[in-house]
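In: Here is my input, please return the structure:
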Amino acid sequence: ATYTMSRPEHVAPPEMFYSGEEAKKYATNSRMREIQTTLTERALELLALPYENSMVLDVGCGSGLSGECITEAGHQWIGCDISPDMLQVAKDMEVEGDVMVNDMGQGLPFRPATFDGCISISAIQWLCNAEGSSSNPYRRLLTFFTSLHHVLTRGGRAVLQWYPENAQQMELVTTCAMRCGFGGGLLVDYPHSTRAKKYFLVLFAGQREGAAPQQMPQAMGGNGEKDTVDFTNKRNREKKERGQRGRSKGIGKKEWTLNKKQRQRAQGKTVPEDSKYTARKRRPKF
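Out: Take a look at the predicted model:
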């Protein structure tokens, strides 16, 4: 008998599949962290946020790996996930974003125009799986995309990376998004490579006032370029330019620390008062 690996959404519901030890393993596996980081950095690139310190929604945030990338990029974020165990791992890791339990198929519980952008990494394919007779994938998709359009600012973008099972699933998800008022479409990086191919649903919630019409970004590896993913050198180069802990080039350590403390105050967190000793290197203790 031949063995074929099952897709996670065919094994169990997400809150059960990503529970207990599986949640911890997902967050600590170095290969998984590398993949999640690479996908998130690409999603943020496609999101093309116009301002620093934007508010980003992370749908299916899991253990907060994607949230760490959002923080490094200089933005605030709120994450939601259906798995309490995954969110507990995020809290244990002391991520800077706020996280909450939420089933995206039942809608997003936020006020209108709360977020400048939204990303989702490896999550929305779960909406296409019917867990029982009362679960309707089409209805859940419409509920999700309607609420997503509702919580984005005018002209905001959503970049949803996912693993479609077949062409029918791609058409279903894309059609539901367009029915809910989104523009945009499906972007496929490295379309000629079996292993490197990645799918991103890039959605526009209208046009920003006074801004040029939004255009679909360019896919990678589609015009005679090599079809293998090679983010490593780019990521290392960008990290060197940013400096330690995501500092942008030209920003000093003290300024970066003050900005970070200001973001944490905006999130309602308790932060020590600023002083002349802020961000100073401490002398070693004997």
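In: Tell me the pLDDT of the closest residue to residue 221 other than its chain neighbours.
Out: Of all residues not flanking residue 221 in the chain, residue 190 sits nearest, at 3.7 Å (CB to CB, 6 or more residues apart in numbering). Glycine gets a C-beta too; all of them are placed from N, C-alpha and C. At residue 190, the model reports a pLDDT of 93.
In: got the phi/psi numbers for residue 190?
Out: The phi/psi pair for residue 190 (degrees, to the nearest 10) reads phi 50, psi 60.
In: any idea how far residue 267 is from it?
Out: According to CB to CB, to the nearest Å, residue 190 stands 37 Å off from residue 267.
In: Neighbours of residue 139, how many?
Out: By the criterion of other CB atoms under 10 Å, residue 139 has 12 neighbours.
In: Secondary structure of it: a helix, I assume?
Out: Yes. Residue 139 sits within a helix when classified using DSSP: H, G, I helix; E, B strand; the rest coil.
In: what about it, distance to residue 98?
Out: 28 Å.
In: Same check on residue 129?
Out: 28 Å.
In: One more: residue 187?
Out: Applying CB to CB, the value for residue 187 to residue 98 is 29 Å.
In: Check residue 218 too.
Out: Using CB to CB, we find residue 218 at a distance of 33 Å from residue 98.
In: Which one of these two is surrounded by more residues?
Out: Taking other CB under 10 Å, residue 218 and residue 98 do not tie; residue 98 has more neighbours (16 against 10).
In: For the nearest residue to the more buried one once chain neighbours are set aside, give me phi and psi.
Out: Nearest residue to residue 98 in three dimensions, chain neighbours excluded: residue 78, at 5.0 Å (CB to CB, 6+ apart). Dihedral pair for residue 78: phi -130, psi 130, per degrees, to the nearest 10.
In: same deal with residue 55?
Out: Residue torsions, per degrees, to the nearest 10, at residue 55 are phi -100, psi 120.
In: Compare residue 190 and residue 267 (neighbour count), which wins?
Out: The neighbour count for residue 190 versus residue 267, taken as other CB under 10 Å, is higher for residue 190 (19 against 14).
In: SS state for residue 100?
Out: Assigned by three-state DSSP, the conformation of residue 100 is strand.
In: Can you classify residue 208 by secondary structure?
Out: coil.
In: Likewise for residue 203?
Out: What three-state DSSP gives for residue 203 is strand.
In: got it, and residue 91?
Out: helix.
In: next one: residue 120
Out: State at residue 120, reduced to three classes by three-state DSSP: strand.
In: Verify the stated contact: it with residue 163.
Out: No. Residue 120 is not in contact with residue 163 according to CB atoms under 8 Å; the separation is 11.8 Å.
In: Neighbour count: these two, which is higher?
Out: Between residue 120 and residue 163, counted using other CB under 10 Å, the more crowded position is residue 120 (25 against 15).
In: gap between the more buried one and residue 65?
Out: 13 Å.
In: Please apply the same query to residue 149.
Out: Applying CB to CB, one obtains 26 Å for the distance of residue 149 from residue 65.
In: With neighbour numbers in mind, choose between these two.
Out: Using other CB under 10 Å, the more surrounded residue of residue 149 and residue 65 is residue 65, with 24 against 19.
In: in what helix or strand does the nearest residue to the more buried one once chain neighbours are set aside lie?
Out: Excluding the flanking residues, the one nearest residue 65 by CB to CB, 6+ apart is residue 36, at 4.3 Å. Residue 36 belongs to helix 30-47 when assigned by DSSP states H and E.
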